[in-house]
Structure formats: C-alpha cells, structure tokens
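Student: Let me see the structure of the following:
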Amino acid sequence: MSLLYTPIKIKDVLMRNRVMMSPMCMYSASADGMPNDWHLVHYATRAVGGVGLIMQEATAVESRGRITDRDLGIWNDEQVQELKKIVSLCKGHGAAMGIQLAHAGRKCEVATEDVVAPSPIKAGENYKMPRELSVDDIRCIVTSFGMAAKRADEAGYDIVEIHAAHGYLIHEFLSPLSNKRTDQYGGSLENRVRFLNEIIDEVRKYWPDNKPLFVRVSADDYIPGGINIDMMVDIVNQIKDRVDAIDVSSGGLLSAHIDVYPGYQIKYAQEIKSRCNIKTVAVGLITAPEMAEEIVSNERADMVALGRELLRNPYWVLQSAGRLHTDVSWPVQYERAK
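Tutor: Take a look at the predicted model:
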C-alpha cells in the first residue's frame, strides 16, 4: 500500500490518508459571512471523493478581516449554526474537517470596512491605504482569534489552522517589508513574531488540547529584504512548541516574480520539517499521484495539500489509488464505476 493512502494521526484526530484539500476562497458567502448550499455541496463532494482532511477556506475572525464581502465568517454565533451543517456533512462522509482562521489586514477589499495593518503601507496600487493598528486594536484582534477558535470547537471542527501567509494580516506583521513599527510589535524578529505568538496563546485558551493546531506560512516573499526560508525557519522555531503542523506555502505579500513549476514549494516544507523537527504539509501545483507519493515516502512532508486539482477533479483521491497500486473503498453508490 502506498504511504499516501496510509492513515495519519495527529493528536486525537485520525485522517484516513495524507491528502488535504487546500483552503481556497469560494467567494460565495452572503454579505454577512454566512455559508449556503454551495458550500455544503462543494465540501461534501470532496469528502465523498476520499480526501483525508478538508481545510475550509479562509474564514474571517471579524467582519473587517474578510478579503471580500463574499467571504465566510466566524465572528458570531449565528454563523456557527450554519457552519455546523458543513462540518457534520463532511465528517459523515469520512473526512476530517479543518477551518482556516484568517484576517485579511491591508488586503481587505470590502468597501465599507476599516482597513488595518501593522503599518500604513498599501498592499499595492489597487488597494486602500490601511490604518496603522494601535496596541489596543491588536489586542482586540488577538481576542477575536480566540473567540473564533472557541466557535470552531462548538461547530465540531477537528483542526484549526491560523492563516499567517499570503500577505494577510499576520504575514504583514512577520515581514519586514510591511512592518515598519517601532514598538513591541516591530523591528526585531522576536517583536514581529509577537502578534502571531499572542494569537497562538489566545487560540490555545479555547482550542482543546487533544485537537491539532496548524499554522499556514509563506516561506519566501521572493523580494530582497523580505522573508526567506532561513528567516521562516527562525519564525517556526519560535512557535513550534505550541503548534502541531506547519502548512507551507509562499508569496502573496507583494507582487513578485515567482518561478512556478510542479511542486515548486515542496522544498520549503522539506526544509522546515528537517530544520524545525515539526510536521509539515506540502502544497504547490501537486497534481500527479506519483509526485504526492514521493513527497510523503521520502519524508519531505507529512501530508500533501491539493488545491486547484481538487477543483478540477473532486474524486482525485479515489481515481489516483490505482496508479499507486492501492485499493481503497469507494462509496457503495459509486462502486459500479470503480
């Protein structure tokens, strides 16, 4: 049997295989952050298709934390009641269910919202000038992450992932390109990591000890003076004792040239796994089952995350098993097509 199709247990959560559905915004929520039938069908289809862990799209911890006004939210209890339906349906079809807790920071595009960032620096020409967060503002956002984790537990999620990548608020604090503060949240690496550290501590107050906590990072800004893999290793080493896995992506802070090719980010997951001694998830144009198998079999990462490939083919996990000479169970309703 291939290692890709071998179950993996992190804390008390057992996943039936090493394939994670990468969080991808659907831009289909209502204006108040509520999910609807699209989300039920979208996520449940991947659960039926055999995915081991579904990581729900970036879900905002406060209204101004959305990227757009069609993003999901988890900043109130009414949203929890609707999210429960997604969780129950997907877990009922055998998938573990995760949620990515997020704050867009200066990349918020909602016209009516107060756009905030560590420093008053625009994300690009087409973005608003953000307001610099005060220390009191920062504390409020940290609290929002904790409350979101509490609601995620109430909704039944198995895993929480803190979104610290792709140019959103936490990444903005981490990178010296976007953080020009002179207080305790800026300057040294220790200070720039403080916001993330405080969020992890706050989430840990409400997220059960037996459930895993992931963090998604951008391991390279691809811009001189920004985050590179060595800096990210230092960052991960500061948080790893309170985190169970690092979901390793790259880029997103500013427009940059990125040499994109199949598996282009795997090297970052491998470096962090090796140098930080922590479980990692590899992502980045992974489409072939043979590539996914190579990544986990050679211990370059513990899991692989598929994004657009699972948009194209929700049944990738079921269909790819044969190419790896592995027999997996299909839903009984679909067995005649196996």
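Student: make it CA atoms for all contacts and neighbour counts henceforth
Tutor: OK.
Student: Please compute how far the lengthiest helix in the chain lies from its chain's middle.
Tutor: In terms of residue count, the longest helix belonging to the chain (DSSP state H) is helix 135-155. Distance of helix 135-155 from the chain centroid (CA atoms, centre = their mean, to the nearest Å) equals 16 Å.
Student: Just the CA trace of whatever helix or strand comes next after that helix, in PDB.
Tutor: As assigned by DSSP states H and E, the chain's next helix or strand after helix 135-155 is strand 159-164. This file holds the C-alpha atoms of strand 159-164, laid out as PDB (Å, rounded to 0.1, in the frame of the first residue of the first chain):
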ATOM      1  CA  ILE A 159      -8.400  21.100  13.300                       C
ATOM      2  CA  VAL A 160      -7.800  24.800  13.400                       C
ATOM      3  CA  GLU A 161      -5.300  26.500  11.000                       C
ATOM      4  CA  ILE A 162      -4.100  30.000  11.700                       C
ATOM      5  CA  HIS A 163      -3.600  31.800   8.400                       C
ATOM      6  CA  ALA A 164      -0.200  33.600   8.600                       C
END
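Student: hang on, residue 108 packs against residue 71?
Tutor: No: look at residue 108 against residue 71 with CA atoms under 8 Å: they stay out of range, at 10.6 Å.
Student: Give me the contact list for the longest helix of the chain.
Tutor: The contact list for helix 135-155 (CA atoms under 8 Å, 6 or more residues apart in numbering) reads 61-62, 74-75, 77, 80-81, 83-84, 87, 99, 101, 160, 195, 198-199, 202-208.
Student: repeat for stretch 210-224
Tutor: Residues from elsewhere that reach stretch 210-224 (CA under 8 Å, 6+ apart): 10-13, 158-166, 171, 226-229, 232, 243-254, 256-258, 268.
Student: Apply 6 Å and report the result again.
Tutor: With contact meaning CA atoms under 6 Å, 6 or more residues apart in numbering, stretch 210-224 is reached by 11-12, 159-165, 227-229, 232, 243-251.
Student: Would you mind checking these for buried ones?
Tutor: 159-165, 227-229, 232, 243-251 (16 or more other CA atoms under 10 Å).
Student: quick one: pLDDT of residue 255?
Tutor: We have a pLDDT of 89 for residue 255.
Student: Tell me the secondary structure at it.
Tutor: coil (DSSP: H, G, I helix; E, B strand; the rest coil).
Student: Give me the phi and psi for it.
Tutor: phi -60, psi 130 (degrees, to the nearest 10).
Student: nearest residue to residue 324 other than its sequence neighbours?
Tutor: Leaving aside its chain neighbours, residue 324 sits nearest to residue 2 (6.3 Å; criterion: CA to CA, 6 or more residues apart in numbering).
Student: Okay, that neighbour and residue 46: tell me how far apart.
Tutor: 20 Å (CA to CA, to the nearest Å).
Student: Look at those two and report which has more neighbours.
Tutor: Ranked by neighbour count (other CA atoms under 10 Å), residue 2 and residue 46 place residue 46 first, with 24 against 17.
Student: what helix or strand is the more buried one on?
Tutor: helix 37-48.
Student: Now that helix - C-alpha only, PDB.
Tutor: What follows is helix 37-48, C-alpha atoms only, in PDB (Å, rounded to 0.1, in the frame of the first residue of the first chain):
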ATOM      1  CA  ASP A  37     -25.900  25.300  -0.200                       C
ATOM      2  CA  TRP A  38     -22.900  25.900  -2.500                       C
ATOM      3  CA  HIS A  39     -20.500  25.300   0.500                       C
ATOM      4  CA  LEU A  40     -22.400  22.200   1.500                       C
ATOM      5  CA  VAL A  41     -22.200  20.700  -1.900                       C
ATOM      6  CA  HIS A  42     -18.600  21.900  -2.600                       C
ATOM      7  CA  TYR A  43     -17.100  20.500   0.600                       C
ATOM      8  CA  ALA A  44     -19.200  17.400   0.900                       C
ATOM      9  CA  THR A  45     -18.300  16.300  -2.600                       C
ATOM     10  CA  ARG A  46     -14.600  16.300  -1.700                       C
ATOM     11  CA  ALA A  47     -15.400  14.200   1.400                       C
ATOM     12  CA  VAL A  48     -17.300  11.700  -0.700                       C
END
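Student: The residue lying closest to residue 176 once chain neighbours are set aside: neighbour count?
Tutor: What sits nearest to residue 176 in space, not counting adjacent residues and going by CA to CA, 6+ apart, is residue 226, at 5.9 Å. Residue 226 has 16 neighbouring residues, counting by other CA under 10 Å.
Student: likewise residue 259?
Tutor: Residue 259 has 7 nearby residues by other CA under 10 Å.
Student: Assumed it was part of a strand.
Tutor: No: judged by three-state DSSP, residue 259 forms no part of a strand; its state is coil.
Student: Next up, the contacts around it.
Tutor: By CA under 6 Å, 6+ apart, no residues touch residue 259.
Student: how far away is it from residue 284?
Tutor: Distance of residue 259 to residue 284, computed by CA to CA: 12 Å.
Student: how far away is residue 303 from residue 201?
Tutor: Taking CA to CA, one finds residue 303 at 25 Å from residue 201.
Student: Having no further points to raise, I will conclude here.
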